[in-house]
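Student: Sequence plus the predicted model coming up.
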Amino acid sequence: MSHTVLQVDQLVKRFGGLVATDHCNLEIRAGEVHALIGPNGAGKTTLLAQLSGELAADSGRILFEGRDITRLPIHKRVAAGIVRSFQITTLLPRLTVRENLALAVQARTGHSFDFLGTVADESDLDQGADEAARRVGLSDVMEQIVGTLSHGRQRALELGMALACKPRLLLLDEPMAGTDPEESKRMGELIHSLRKDHTLILVEHDMDAVFRLADRISVLVAGRVIATGSPDEIRNNPQVIAAYLGDDETQSAEPIQ
Amino acid sequence: MLSRFGPGRKIETPLLIGLPGPWTAIGVALLLAIYPLVMSAIGEDFFIIVGSRILIFALAASALNLALGYGGMISLGHAAFLGTGAYAVAILAKYGIVAAWVALPVAVLAAALAACLIGAVSLRTRGVYFIMITLAFAQLFYYLAISLPEFGGDDGLPISARSVIPGLPLDGDLGFYYFVLFIAGLAFVLLYRLVASRFGRALVAIRENERRMAAIGYPIYRLKLMAFTLSGGLAGLAGALLANLSMGVTPHTLTWHQSGILMVMVIIGGSGYFWGGITGAAIFLLLEETISAHTEHWNLILGALLLFIVLVAPDGVMSLRERVLKLLRGGGPPAPEAIPAGEEKTR
Amino acid sequence: MLYLFIEQALNGLQYGLMLFLLAAGLTLVFGIMDLINLAHGSLYMIGAFLAAAFYQWLGSFFPALLLAIIATALIGVILERILYRRLQGMSHLSQVLATFALILIANETIKIIFGAQPLMIGMPESLSGPIELVPDELYYPAYRMLIIGVGLAVALGLYLLVNRTRIGMWMRAGASNPQMAAVMGVRIKPLFTFVFALGAALCALAGALLGPLLAVSVGMGESILIPAFEVIVIGGIGSMRGALVGALLVGMIDTLGRLALTFGLKLVVDSATAATLGPTLASMMVSLLMVCVLFFRPQGLFPARG
């Protein structure tokens, strides 16, 4: 049994009267692919944003490797090893693939306030960029402008950006969003290959992919985790089935039955 | 030279668009150095003063360009920093401190401090709110200046003598021109290093997509504040030179009209291009000089020109090079669209 | 002392209501069209100059006022059609620059047509005297009373327009979510034209009403633009109620702050210094209030959108 990497403890986030995260508890183990599923509006994206630091929780705690990170700003969480990717591709579209990746590497090296020292040698950035590109299969388009790439390759770069930060915990927000079946399959293989060195939290609507890839699954309904377990356990959990069937989201419910 | 992310690249992306090569820079420096000698030889001594003025505003506009063009921070309050630098020199002179090596650094530090404080508050807002809050802060400085009779109030504060460097004749127009050229030259070298460094790259990338840059671990707020502070400090340096050129300072230097003019200079030249502020200031002041000689309605022409630029060529003169290259290239690799001011609309 | 205070409070109310006339149009244009319009003050200047011109022609105040309002509203419509509509989708920077250009053009055009000398508008004869508010103790100029009355009436009218009419409903929908409003079938383009014309008319009203009190001069638009901006940021961009509350707040702080600061400063410095320092410190207080609001309540006191 591997140790706990991330622990979410009684986390609460309100938007006006709406409770988007409602005393949520979650435990992520080292080296697992942990999927977060739930009907639309269950608060998956809100939870993810609180883990990455984009949103501040109202109460509760987030522990990363035993350290309380609830109040840390995003960049300190990235430095600690938590990096997210976006559901809607969020890249620097007018820059090349290499530049995008090198910027991610540069963030990690921490020389961004180095405005006078001559940076004669940028091979560290180049190497980091090459490595990340190889990982996500973009080595052939390093010098191309990102905006000209296909959607599938942009999705790959979205993941590559996160990888170039050398994360220990990756938060993937619908990495398959908008990809065609072929691209989706490749993304699945990629995610599968990452589990060796990373812990992953995966938010995904493609239930086939979720049940294929995940080691464990947590089901989020109305801001709470109502069940956590292996894909088989979740598939047969009466509470989960009720939650999904009670909801109009029949298409999400189908793969469960 | 920087390796510029990868060997043998041909595509210019926003990260290094418009960065001058060393030969261009040396050429421009040489031209600027012989300019007053030529003017003097053809008996147009007046244009030496115009030259000093252009250099000073080129520095001020380039300072704003760092925040606005590179950082995407639409500051409508840079007159405050220009004015802070100018007032610093004038106030020091009032108390008998005229040594340039004291006055200029004090001016820069005062303006940088002002920018740091204003930036620290303003950068917590975005979009139109940032524009308005910088405007309001600059207005505060203006009110302060006109309300303090010790510093001249409405009339401003004249200085009796220019800043002094022992052994150098700064009183004459020629000597002063070279002094300005030297100081501004140093500042441009610094600016070049800034925008070509990792810091500059991060700044441009934040302008391009702030959310992405935050997600990969950049401390956005600190980086922007640093850029804003540096920008303010350089504007203060320009202000210090300006007070020396005009032998004093008036509250007009602090008006939002002045902030608007600096912005216009950046836009005419091309925001986010290294030569943008310099080109813009030169075009603006030379046009003003020539047109004002023929008509008193320069502002009307400026207004029309500005509308034309916004509606037809929103990226300024420096973007024309890319446009021409793009045309020449024809079906070549898709060149990046010309640099926008890089701005996230609030909605 | 009390009467001085009341008089100044009335002056504050009057200034605040005039600011409201400007801020109402500005906040609607800002909120509904997502457009930062630096040239709003120019419409105020144009309105004042037109009123002065019509006054010289007709020799009578109220017809001149009416004509100025109509003419300025027409100018507003034309500007919206040929310029603002195109600016709408552009970046805020482009909007700032284009409307800055408009200020330069407006100022210079006015200078060419009317010359650089300030113009005067004569007060209507019947209102030139004072009104006795408290017998023998407190007099207040009748004309200023009229301004307060008109201001309150317009505020009420705008309230009814925004909250009780169909077009007002569209305006509120547009301010809270323009895309959604368009989807819901609000005909957004005519609405923009209407909002712009309304804003211009309100500018002209304020400019013409203030004409007899201030000199009608080039540059009057810029000096009032900053307080008007401060009003809408304090009140919350797009909110009519916010504009009213913000305007009254700014009017009162500016006027009463002047009084209080000048008095207070006289205890510390000589009275000449106090007389110059007081007003500017009051203006600074308004700017500081805006900065504080932006810092602690960035959406303003009465946010238009949730």
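Tutor: Now that the structure is in, tell me what you want to look at.

Student: helix/strand/coil for the residue nearest to residue C:236 when sequence neighbours are not counted?
Tutor: The shortest distance from residue C:236 to any non-neighbouring residue, by CB to CB, 6 or more residues apart in numbering or on different chains, is to residue C:300 (2.7 Å). (C-beta placed from N, C-alpha, C; glycine too.) When the structure is split into helix, strand and coil by DSSP: H, G, I helix; E, B strand; the rest coil, residue C:300 lands in coil.

Student: dump the residue contacts of residue C:300.
Tutor: Residue C:300 makes contact with C:232, C:233, C:234, C:235, C:236, C:237, C:239, C:242, C:246, C:293, according to CB atoms under 8 Å, 6 or more residues apart in numbering or on different chains.

Student: Please report how far the fourth one lies from residue B:40.
Tutor: Okay, so that is residue C:235. Relative to residue B:40, residue C:235 is positioned 58 Å away (CB to CB, to the nearest Å).

Student: which one of those two has more residues nearby?
Tutor: Set side by side, residue C:235 and residue B:40 show unequal neighbour counts under other CB atoms under 10 Å in any protein chain shown, the larger going to residue C:235 at 30 against 15.

Student: Residue of the stretch 51-200 of chain B closest to chain A, please.
Tutor: With CB to the nearest CB as the measure, the residue in the stretch 51-200 of chain B that lies nearest chain A is residue B:199; the distance is 3.7 Å.

Student: so which pair among the contacts of residue C:300 is furthest apart in space?
Tutor: In the contacts of residue C:300, the most distant members under the criterion CB to CB are C:239 and C:293, with 12.8 Å between them.

Student: Just the element for residue A:9, please.
Tutor: With elements taken from DSSP states H and E, the one containing residue A:9 is strand A:4-15.

Student: so what secondary structure elements neighbour that strand?
Tutor: strand A:18-29, helix A:44-52, strand A:59-64, strand A:199-203 (3 or more CB pairs under 8 Å, 6 or more residues apart in numbering or on different chains; DSSP states H and E).

Student: Try it again at 7 Å.
Tutor: In terms of contacts (3 or more CB pairs under 7 Å, 6 or more residues apart in numbering or on different chains; DSSP states H and E), strand A:4-15 is packed against strand A:18-29, helix A:44-52, strand A:59-64.

Student: So which elements touch the longest one?
Tutor: When contacts are defined as 3+ CB pairs under 7 Å, 6+ apart, strand A:18-29 sits against strand A:4-15, helix A:44-52, strand A:224-229.

Student: give me that answer again for 8 Å
Tutor: Using 3+ CB pairs under 8 Å, 6+ apart, the elements in contact with strand A:18-29 are strand A:4-15, helix A:44-52, strand A:59-64, strand A:199-203, strand A:216-221, strand A:224-229.

Student: next one: the second one
Tutor: Contact here means 3+ CB pairs under 8 Å, 6+ apart; on that basis helix A:44-52 packs against strand A:4-15, strand A:18-29, strand A:33-37, strand A:82-85, strand A:169-173, strand A:199-203.

Student: I'd say residue C:256 and residue C:8 touch.
Tutor: Yes: taking contacts as CB atoms under 8 Å, residue C:256 lies within contact range of residue C:8: 5.8 Å.

Student: mind checking the SS state of residue C:90?
Tutor: With three-state DSSP as the criterion, residue C:90 was assigned coil.

Student: Read off the pLDDT value for residue A:130.
Tutor: According to the predicted model, the pLDDT of residue A:130 comes to 93.

Student: Look up how far chain C lies from it.
Tutor: 35 Å (CB to the nearest CB, to the nearest Å).

Student: Show me the contact partners of stretch A:196-203.
Tutor: Stretch A:196-203 has contacts (CB under 8 Å, 6+ apart) with A:5-6, A:28-37, A:44-45, A:48, A:51, A:87, A:167-175, A:191, A:194, A:210, A:213-214.

Student: Just give me how far that stretch sits from the chain centre.
Tutor: The offset between the C-alpha centroid of stretch A:196-203 and the centroid of the whole chain comes to 8 Å, using CA atoms, centre = their mean, to the nearest Å.

Student: repeat for stretch A:56-71
Tutor: Taking CA atoms, centre = their mean, the mean C-alpha location of stretch A:56-71 is offset from the chain mean by 17 Å.

Student: Buried residues of it, list them for me.
Tutor: Judged by neighbour count using 16 or more other CB atoms under 10 Å in any protein chain shown, the buried positions of stretch A:56-71 are A:57, A:60, A:62, A:63, A:64, A:65, A:69, A:70.

Student: Stretch C:192-211 now?
Tutor: With the criterion 16+ other CB under 10 Å, stretch C:192-211 contains buried residues C:192, C:194-211.

Student: Ok, stretch B:16-28 next?
Tutor: Under 16+ other CB under 10 Å, the buried positions of stretch B:16-28 are B:16, B:17, B:18, B:19, B:20, B:25.

Student: Give me the subset of the residues you listed lying in helices.
Tutor: Where these overlap with helices, as defined by DSSP state H, the overlap consists of residue B:25.

Student: Reformat the buried residues of stretch B:16-28 into JSON lines and put distance to residue C:137 and pLDDT next to each item.
Tutor: What follows is the buried residues of stretch B:16-28, written out as JSON lines (distance: CB to CB, whole Å; pLDDT from 0 to 100):
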{"residue": "B:16", "distance to residue C:137": "74", "pLDDT": "70"}
{"residue": "B:17", "distance to residue C:137": "71", "pLDDT": "71"}
{"residue": "B:18", "distance to residue C:137": "70", "pLDDT": "70"}
{"residue": "B:19", "distance to residue C:137": "73", "pLDDT": "78"}
{"residue": "B:20", "distance to residue C:137": "74", "pLDDT": "78"}
{"residue": "B:25", "distance to residue C:137": "75", "pLDDT": "87"}
